[in-house]
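> let's see this in three dimensions:
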Amino acid sequence: MNKPPSKSKIETITKPEFKHMAIAGNIGAGKTTLTSLLAKNFNWNPHYEDVDTNPYLNSFYEDMQRWSFNLQIYFLNHRFRQVVDIRRGETPVIQDRTIYEDANIFAPNLHDMGLMSTRDFDNYQSLFELMVSFIQPPDLLIYLKGSVPSLVRNIQKRGRPYEEAIRLDYLKRLNERYDSWIATYPHRLLVIDIDNLDFANKAEDLAIVIEKINASVNGLF
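Have a look, this model is predicted:
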């Protein structure tokens, strides 16, 4: 695992009403790494995606059709609870992946690939629509956009056994869905191209990301 660059805080967001940043992106985009780095820089609480204790993840990669609905319901419940806790709490939070990605990217992709039945998909969508009627979107969504080769390189570096079977066409399908979703995302958004940045290992690249965040929060772009 790459060590994050050792660097003191660059700048802290001071807007009291700004308390929820979320990082979106395909598998291997660097969401968890950036969540950790930004949490340290801004002194915010990180909320990570549940991959280590998720009871369905290994089973899903072994048999996607059997476990797709179970996995997506687990993630939906987990992220809904995260957002509720964030809005109820006083401490600003950086969230690793959003509830919107599950419903706009992963579940529809599984359905289109024939890995989730229409009955289960309709049930899932109905539950999602009910849940999001009770929550607010993040104050800033950061989308980590990367080519399939960049994603594969990062996946190989972290070496999770259950990700070894991920196919290139699966990542490509997800990328296409991410691009379509982001193109119509109606709230505050910052797109970071990971093909040209190495924020995990280069302090100067992390500084670029942080400067872009501060500019977005302050309404400069």
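> just say helix, strand or coil for residue 22.
strand (DSSP: H, G, I helix; E, B strand; the rest coil).
> now the residue lying closest to residue 19 once chain neighbours are set aside: how far from residue 38?
Of all residues beyond its chain neighbours, the one nearest residue 19 is residue 92 (4.2 Å), with distances taken as Cβ to Cβ, 6 or more residues apart in numbering. The way it works is simple: take the backbone N, C-alpha and C, and place the C-beta from them, glycine included. As judged by Cβ to Cβ, to the nearest Å, residue 92 and residue 38 stand 11 Å apart.
> can you give me the helices for the protein?
31-42, 57-62, 64-88, 99-101, 107-112, 118-132, 148-158, 168-183, 203-217 (DSSP state H).
> pick the most buried one from the ones you listed.
helix 99-101 (a mean of 22; mean count of other Cβ atoms under 10 Å).
> right, and the residue nearest to residue 19 touches residue 17 too?
No - using Cβ atoms under 8 Å, residue 92 is not in contact with residue 17, being 10.2 Å away.
> higher neighbour count, the two?
The neighbour comparison of residue 92 against residue 17 (other Cβ atoms under 10 Å) goes to residue 92, with 20 against 5.
> residue contacts, residue 135?
80, 83, 84, 87, 99 (Cβ atoms under 8 Å, 6 or more residues apart in numbering).
> against residue 168, how distant is the nearest residue to the third one once chain neighbours are set aside?
In space, and not counting its chain neighbours, residue 84 is closest to residue 135: 6.7 Å by Cβ to Cβ, 6+ apart. For residue 135, the distance to residue 168 under the criterion Cβ to Cβ works out to 34 Å.
> spatially central residue for the chain, please.
For the chain, the residue nearest the mean C-alpha position is residue 97 (2.3 Å; Cα atoms, centre = their mean).
> list the contacts for it?
For residue 97, the contact set (Cβ under 8 Å, 6+ apart) comprises 22, 23, 24, 25, 31, 49, 79.
> taking those residues, tell me the two that lie furthest apart.
25 and 79 (14.7 Å; Cβ to Cβ).
> looking at the chain, which residue lies furthest from center?
Ranked by distance from the centre of the chain (Cα atoms, centre = their mean), the top residue is residue 119, with 26.3 Å.
> sorry, back to before: rank the helices of the chain by mean pLDDT and give me the bottom one.
Lowest mean pLDDT within the helices of the chain: helix 57-62, a mean of 87.
> please compute how far it lies from its chain's middle.
A distance of 19 Å separates the centroid of the chain from that of helix 57-62, by Cα atoms, centre = their mean, to the nearest Å.
> put the alpha carbons of that helix into CSV.
Presented in CSV, the C-alpha positions along helix 57-62 are these (Å, rounded to 0.1, in the frame of the first residue of the first chain):
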residue,chain,number,x,y,z
LEU,A,57,-18.8,-8.8,-1.3
ASN,A,58,-16.7,-12.0,-1.7
SER,A,59,-19.9,-14.0,-2.5
PHE,A,60,-20.9,-11.4,-5.1
TYR,A,61,-17.6,-11.7,-7.0
GLU,A,62,-17.9,-15.5,-7.0
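> on that earlier part again, shared neighbours of residue 92 and residue 38, anything?
Joint contacts of residue 92 and residue 38 (Cβ under 8 Å, 6+ apart) are 21, 44.
> and residue 55, how many neighbours?
Quick note: residue 55 (other Cβ under 10 Å) scores 10 neighbours.
> hmm, residue 75 and it touching each other?
No - counting by Cβ under 8 Å, residue 55 sits too far from residue 75 to count as a contact (11.7 Å).
> right, I'll call it a day here.
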